[in-house]
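Trainee: One predicted model, sequence on top.
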Amino acid sequence: MHVCIIGAGIIGTSTAWQFARQGARVTLIEASSGAGLATSYANGGQLSYSYVAPLAEPGVLPYLPKWLFNGESPLRFRPRLDPHQWRWCLAFMLACRSSQVKDTTAAMLTLSYLSRDTLHQWMNETPISFHHKTNGKLIAYRSPALVKKARKLVAYQAGYGAQQSVLNRQECIALEPALGELGEALAGAVYTPGEEVGDCHLLTTGLFNAISRHSAAVVRTGAHVRKLIRSGNRIVAAELDSGEHITADHFVVAAGMASRRLLQTVNEEAMLYGLKGYSLSIPMSDAPGAAPAISVTDYERRIVYAPIGPVMRIAAMVDMGDRSADINPQRIALLKRQVNNTFPSLDTASATEWAGERPATPTGKPIIGRSHAAENLWLNIGHGALGFTVACGSAVLLQALVSGQPVPINARPFASR
Ligand SMILES: Cc1cc2nc3c(=O)[nH]c(=O)nc-3n(C[C@H](O)[C@H](O)[C@H](O)COP(=O)(O)OP(=O)(O)OC[C@H]3O[C@@H](n4cnc5c(N)ncnc54)[C@H](O)[C@@H]3O)c2cc1C
């Protein structure tokens with residue numbers, strides 16, 4: 001079987017690796033000069049296996065007016081005369097029903113645990129250096145009411161195997177002294193000792209290099225697929241900008257945000273919207289001892305702090321309607337102010353700034369499965385805020401579906417419609 005995979009972000013690269021491991025012939029096509037240079041580049045670095053609840057949840061709705069019209073909020077919405085934006089927003093609101101949230105969370109937990117086990121297996125087989133560490137995660141709350149609510153989620157997730165505990169302020173600071181900087185503002189936290197971190201770009205390039213050394217694989221960089229060519233119910237080729245046709249038995253679209261445009265060439269409308277976020281990478285040498293060693297999420301501000309090798313990676317914000325991954329100076333300045341306010345010893349002046357677009361579906365579930373446009377066209381798209389966390393599981397699930405093998409988890413929640 002020859003499989004052509006379009007896009008070498010963390011999703012396409014993991015998918016290509018899984019096919020190569022399973023003995024398929026693989027062609028991996030990437031538009032940029034290398035792998036993992038788009039959204040997979042400087043994300044939050046969290047392998048957040050137990051924190052997969054979607055952004056769409058009933059608790060978000062009352063916050064929306066405050067977030068949307070307050071320039072200092074973690075979520076910013078720029079309305080557009082764009083029917084796709086409104087359709088996506090409507091679907092997002094519908095996805096906030098609690099029954100849907102429970103189903104999504106349960107499905108995402110199965111995918112994330114499959115991902116964790118797969119990543120560990122791959123690293124045993126083919127070690128890749130990407131600053132991978134199991135350092136645990138603390139979700140820190142400023143509001144006592146949110147700590148109370150978090151207890152319910154912890155109890156629900158325990159039913160799916162999550163090992164978490166709720167800590168009061170003293171217990172939090174004893175575990176992570178850097179949280180002492182929050183003082184009285186800290187109400188408590190949920191602690192998950194098994195959570196991991198790593199550098200998504202390094203893992204992507206490590207896998208990409210392993211694929212390029214594989215005897216049955218070909219990687220192409222600087223090769224932009226401008227359209228898919230369909231004949232009857234099958235895709236017969238991926239056409240590059242140069243006019244070259246790449247043929248294969250199966251085609252997998254894993255092109256992140258650009259998947260929507262590519263799928264339109266075969267009249268498939270993917271419900272993807274770009275949720276822009278920002279990151280700062282601060283050299284740890286500039287803040288010895290001041291930075292948290294455990295990953296910390298400042299819940300109300302939706303800011304994530306993760307020590308990744310030589311840097312403290314800080315990721316935040318959900319901006320809708322910007323249509324690009326350009327850095328907005330006001331938003332990055334706001335992020336720096338909030339970081340300075342929470343952890344004054346972190347030197348934001350020395351930070352490397354970055355922005356990326358999370359390729360998000362309204363429900364928060366990725367689309368992993370057969371496209372409706374052709375019988376040999378497959379999708380691995382829409383991983384939103386969790387692409388690094390669920391990449392390996394998504395790859396394993398898709399490869400099983402394409403190959404007609406037994407699936408390791410229920411694939412139905414991730415089907416394209
Ligand atoms: C601020 C921020 C923080 C985040 N933090 C986390 C985190 O802590 N943990 C986590 O799990 N996830 C996190 N994410 C989400 C994660 O980064 C994404 O879900 C993931 O990177 C998406 O990967 P992808 O491979 O689908 O897309 P991308 O990484 O964007 O890759 C798509 C690739 O396809 C290529 N491509 C596009 N079109 C074509 C074409 N026509 N032909 C050929 N190639 C093409 C692109 O050049 C690109 O390389 C974060 C995201 C952001 C923005």
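Mentor: Arrived safely. Residues are numbered from 1 along each chain as shown.

Trainee: Pull the worst-scoring helix or strand of the chain on mean pLDDT out as CSV, backbone CA atoms only.
Mentor: Every helix and strand in the chain was compared by mean pLDDT, DSSP states H and E; the lowest is helix 64-69, with a mean of 75. Coordinates of each C-alpha in helix 64-69 appear next as CSV, following Å, rounded to 0.1, in the frame of the first residue of the first chain:
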residue,chain,number,x,y,z
LEU,A,64,-18.5,35.1,26.7
PRO,A,65,-19.8,38.7,26.8
LYS,A,66,-17.1,39.6,29.4
TRP,A,67,-14.4,37.9,27.3
LEU,A,68,-15.5,39.2,24.0
PHE,A,69,-15.8,42.9,24.9
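
Trainee: What residues of it count as buried?
Mentor: In terms of neighbour count (16 or more other Cβ atoms under 10 Å), helix 64-69 has its buried residues at Trp67. Where you see a C-beta, it was placed from the backbone N, CA and C, and this is true even at glycine.

Trainee: Strand partners (parallel or antiparallel) of the helix or strand following it?
Mentor: Next helix or strand after helix 64-69 toward the C-terminus (DSSP states H and E): strand 75-77. Strand 75-77 sits in its sheet next to strand 311-320 (parallel), going by DSSP bridges.

Trainee: average model confidence for the strand it pairs with?
Mentor: Per-residue pLDDT over strand 311-320 has a mean of 95.

Trainee: Off-centre distance for that strand?
Mentor: 12 Å (Cα atoms, centre = their mean, to the nearest Å).

Trainee: And the ligand, is it touching that?
Mentor: Yes. Using Cβ under 6 Å from any ligand atom, we find that strand 311-320 touches the ligand at Ala315.

Trainee: From the rest of the structure, what touches the least confident helix or strand of the chain?
Mentor: Applying Cβ atoms under 8 Å, 6 or more residues apart in numbering, the contact partners of helix 64-69 are 73-77.

Trainee: now stretch 174-191
Mentor: With Cβ under 8 Å, 6+ apart as the test, stretch 174-191 has contacts from 136-144, 146-147, 150, 153-154, 164-169, 172-173, 290-294, 296, 342-345.

Trainee: can we see that at 6 Å?
Mentor: Stretch 174-191 is contacted by residues 138-144, 147, 150, 154, 164-169, 172-173, 292, 294, 343 when judged by Cβ atoms under 6 Å, 6 or more residues apart in numbering.

Trainee: For PyMOL, write the select line for the buried members of those.
Mentor: Those of the contacts of stretch 174-191 that count as buried under 16+ other Cβ under 10 Å are selected in PyMOL with:
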select buried, resi 138+139+140+141+142+147+150+154+164+166+167+169+172+173+292+294+343
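
Trainee: Which members of the contacts of stretch 174-191 are positioned in strands?
Mentor: Using DSSP state E, the subset of the contacts of stretch 174-191 located in strands is 138-141, 165-168.

Trainee: Turn those residues into a markdown table, including pLDDT and distance to Thr352.
Mentor: Formatted as a markdown table, the ones in strands among the contacts of stretch 174-191 follow (pLDDT from 0 to 100; distance: Cβ to Cβ, whole Å):
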| residue | pLDDT | distance to Thr352 |
| --- | --- | --- |
| Leu138 | 96 | 24 |
| Ile139 | 95 | 25 |
| Ala140 | 96 | 24 |
| Tyr141 | 96 | 29 |
| Ser165 | 93 | 34 |
| Val166 | 95 | 34 |
| Leu167 | 95 | 32 |
| Asn168 | 94 | 35 |
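
Trainee: Turn those into TSV, including distance to the ligand.
Mentor: Output for the ones in strands among the contacts of stretch 174-191, formatted as TSV (distance: Cβ to the nearest ligand atom, whole Å):
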residue	distance to the ligand
Leu138	14
Ile139	13
Ala140	16
Tyr141	19
Ser165	22
Val166	22
Leu167	22
Asn168	26
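
Trainee: would JSON lines of those with distance to Gly188 be doable?
Mentor: Putting those into JSON lines (distance: Cβ to Cβ, whole Å) gives the following:
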{"residue": "Leu138", "distance to Gly188": "10"}
{"residue": "Ile139", "distance to Gly188": "9"}
{"residue": "Ala140", "distance to Gly188": "8"}
{"residue": "Tyr141", "distance to Gly188": "6"}
{"residue": "Ser165", "distance to Gly188": "11"}
{"residue": "Val166", "distance to Gly188": "6"}
{"residue": "Leu167", "distance to Gly188": "6"}
{"residue": "Asn168", "distance to Gly188": "5"}
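
Trainee: Quick check: the residue of the stretch 1-150 of the chain nearest the ligand.
Mentor: The minimum distance from the stretch 1-150 of the chain to the ligand, using Cβ to the nearest ligand atom, falls at Gly9 (2.1 Å).

Trainee: Surely that residue and Leu37 touch.
Mentor: No. At 8.4 Å, Gly9 and Leu37 do not qualify as touching, with contact defined as Cβ atoms under 6 Å.

Trainee: who's more crowded, these two?
Mentor: Gly9 (31 against 17; other Cβ atoms under 10 Å).

Trainee: Can you give me the neighbour number for the residue lying closest to the more buried one once chain neighbours are set aside?
Mentor: Distances taken as Cβ to Cβ, 6 or more residues apart in numbering place Ser40 nearest to Gly9, at 4.2 Å, with adjacent residues excluded. Counted with other Cβ under 10 Å, the neighbours of Ser40 add up to 27.

Trainee: pLDDT value on the residue of the chain most remote from its centre, please?
Mentor: Residue farthest from the centre of the chain, counting by Cα atoms, centre = their mean, is Gly232 at 34.3 Å. Looking at Gly232, its pLDDT stands at 97.

Trainee: So what does it look like in phi/psi?
Mentor: Backbone torsions for Gly232, taken as degrees, to the nearest 10, come to phi 60, psi -130.
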